[in-house]
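Visitor: need coordinates for the following:
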Amino acid sequence: MASSSMKEIFSDVTLTVDLTTFKDPDMVKEIFKESKHKIKQITKTSQYQAEGSFEDIEDVFVKLSSLERHTTSGSKHQQQAQMSPDQVKPVDIQGTVMEYMQHKCSKELRRIEANDVTISTSLGKTDKTVLVSFKPLGRSGSSQACAHFARERFITLYQRTATDLRVVSHSVADQNLSYLQNNFPELWIVSRSGNMTVTGPYAHIRRLENFLSNRKSSTPGRNTTTQRQRAGASGASPVSHAQQQDDSEDTCAICMDSIRERHRETLKCKHSFCTSCLKRAFEFKPVCPTCGALYGELKGTQPEGGSMSTSIRSSSLPGYEKCGTIVICYEIPSGTQKEEHPSPGERYEGAARTAFLPDNPEGRKVLHLLKRAFDQRLVFTVGHSSTSGRDNVVTWNDIHHKTATHGGPTCYGYPDSYYLKRVQDELKVKGIQ
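Guide: Modelled structure (predicted):
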């Protein structure tokens, strides 16, 4: 039965939980507390009861399923089966982003698959989405873990790609298509009947639009660098390797026009641009349009007005038995999307999230880095949720968090000996170290 049908049939669902069956009752309370804005809670002695929609109750149930429970005679096998699901949940994502990834991120997708997992797509929940599935090639537990890791890595790639992706349309002659594809390799260009649809990162689309605009407004004798490049591409007037190198050094990679010396801006990475072009590009994102080197402080699209609070528990995380646990609570209220979001003017649904770190020197260092990322609006964004399939909601950005205390990496929990290093690497890419 499709998920949407389940929601229509079960509009109100009740979940009753006995705290005494869990090894960490405090974690159960945290999950209920995190979901308080979505579900009605009734507390009776050691029992917690939640009432809400099928989707919200399902979300609570999945989180509870990852927690360790006390085992009793005759039920151990059943509980282990609950805690070790043998299917990796598929991801419902925007079809446009997936098409772009298949054409322009094929190497990254192959690395995610490696030799252990296959990634396949099918029709999504709407006509604009696709369902991405992850199937292990083997039947062992390690193969299943590989599929869970592949899903996590895929979501990271998807979020990183979708955050910066733009789609525009232009009218252009078909004979220019191969030239544009060769000179703008980061863009996926599809031409039909004289019109082309271009999908790609903002900075590269900006370069293309400036290039097309300069071609329309150019007059004979002007923009000779671009004219020589076009002639060389068509084979009418071969250009030497040395001449091509000189041209590339004197051509702005944003507007594709010659850089006038008095308007030149050269970055520390040695790439040069028109001063005005670089200023406009840095207003969107302070990175070199050519190599991606970061300049200044990166700002994200996380909605404003949220909060990040922390507390300390005495209980330990698996793999960190000699220290307590840092509990991070994020609260992002609902609001109206701004120009930096996918649907400006429309409402978005807020979120409450809880994450966990070991209370040791490295964990406290990661906490400090995450606080900086939160202040720079990099932890969350507004868009399509890969877990619920809904649009216009607050979702994680591409900085991984541990949202469960137990269950290992497949359940976004501990033990995971490489997590603290991985998250520091993800933050370093954003200039936070």
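
Visitor: mind listing what's buried in stretch 332-340?
Guide: Within stretch 332-340, the residues that count as buried by 16 or more other CB atoms under 10 Å are Ile332, Pro333, Gly335, Gln337. C-beta: built from backbone N, CA, C; applies to glycine.

Visitor: tell me the mean pLDDT for stretch 292-305?
Guide: Averaging pLDDT along stretch 292-305 yields 81.

Visitor: can you list contacts of it?
Guide: 163, 267-269, 282, 285-288, 332-333, 335, 340-341, 348, 350, 374, 376-382, 394, 397, 430-431 (CB atoms under 8 Å, 6 or more residues apart in numbering).

Visitor: so which of those are in strands?
Guide: Ile332, Gly335, Tyr348, Phe380, Thr381, Val382, Val394 (DSSP state E).

Visitor: for the residue nearest to the first one when sequence neighbours are not counted, give its distance to Gly350.
Guide: Distance criterion CB to CB, 6 or more residues apart in numbering; nearest residue to Ile332, sequence neighbours excluded, is Gly306 at 4.0 Å. Gly306 is 8 Å from Gly350, where distance means CB to CB, to the nearest Å.

Visitor: OK, contacts around the residue nearest to Ile332?
Guide: Tyr330, Glu331, Ile332, Pro333, Gly350, Phe374, Phe380.

Visitor: then Cys329?
Guide: Glu34, Met308, Ser309, Thr310, Ser311, Ala352, Arg353, Thr354.

Visitor: host element of the fourth one?
Guide: Using DSSP states H and E, the element containing Thr310 is strand 307-313.

Visitor: what residues of that strand count as buried?
Guide: Those buried within strand 307-313 under the rule 16+ other CB under 10 Å are Met308, Arg313.

Visitor: residues in contact with that strand: which ones?
Guide: Taking CB under 8 Å, 6+ apart as the rule, strand 307-313 contacts 26, 324-331, 359, 367, 370-371, 374, 379.

Visitor: run the last query once more with 7 Å
Guide: Applying CB atoms under 7 Å, 6 or more residues apart in numbering, the external contacts of strand 307-313 come out as 26, 324-331, 359, 367, 371, 374.

Visitor: now render the buried residues of stretch 332-340 as JSON lines, adding pLDDT.
Guide: Listed next are the buried residues of stretch 332-340 as JSON lines, based on pLDDT from 0 to 100:
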{"residue": "Ile332", "pLDDT": "94"}
{"residue": "Pro333", "pLDDT": "94"}
{"residue": "Gly335", "pLDDT": "93"}
{"residue": "Gln337", "pLDDT": "90"}
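
Visitor: which one of the residues you listed is nearest Gln159?
Guide: Taking CB to CB as the measure, Gln159 sits nearest to Ile332 out of those, at 15.8 Å.

Visitor: so how far is Val394 from that closest one?
Guide: From Ile332 to Val394 the distance is 5 Å (CB to CB).

Visitor: and Lys402, by the same measure?
Guide: Taking CB to CB, one finds Lys402 at 19 Å from Val394.

Visitor: picking up where we left off before, between Gly306 and Gly350, what contacts are shared?
Guide: Ile332, Pro333.

Visitor: could I get the full set of strands for the stretch 1-150 of the chain?
Guide: 13-18, 40-44, 47-52, 91-94, 117-123, 129-136 (DSSP state E, counting those that start in this stretch).

Visitor: contacts for the shortest one, please.
Guide: Pointing back at strand 91-94 there. With CB under 7 Å, 6+ apart, strand 91-94 has contacts from 124-125, 128-132, 151, 154-155, 158, 162, 384, 386, 389.

Visitor: closest to Arg111 out of the residues you listed?
Guide: Phe154 (10.6 Å).
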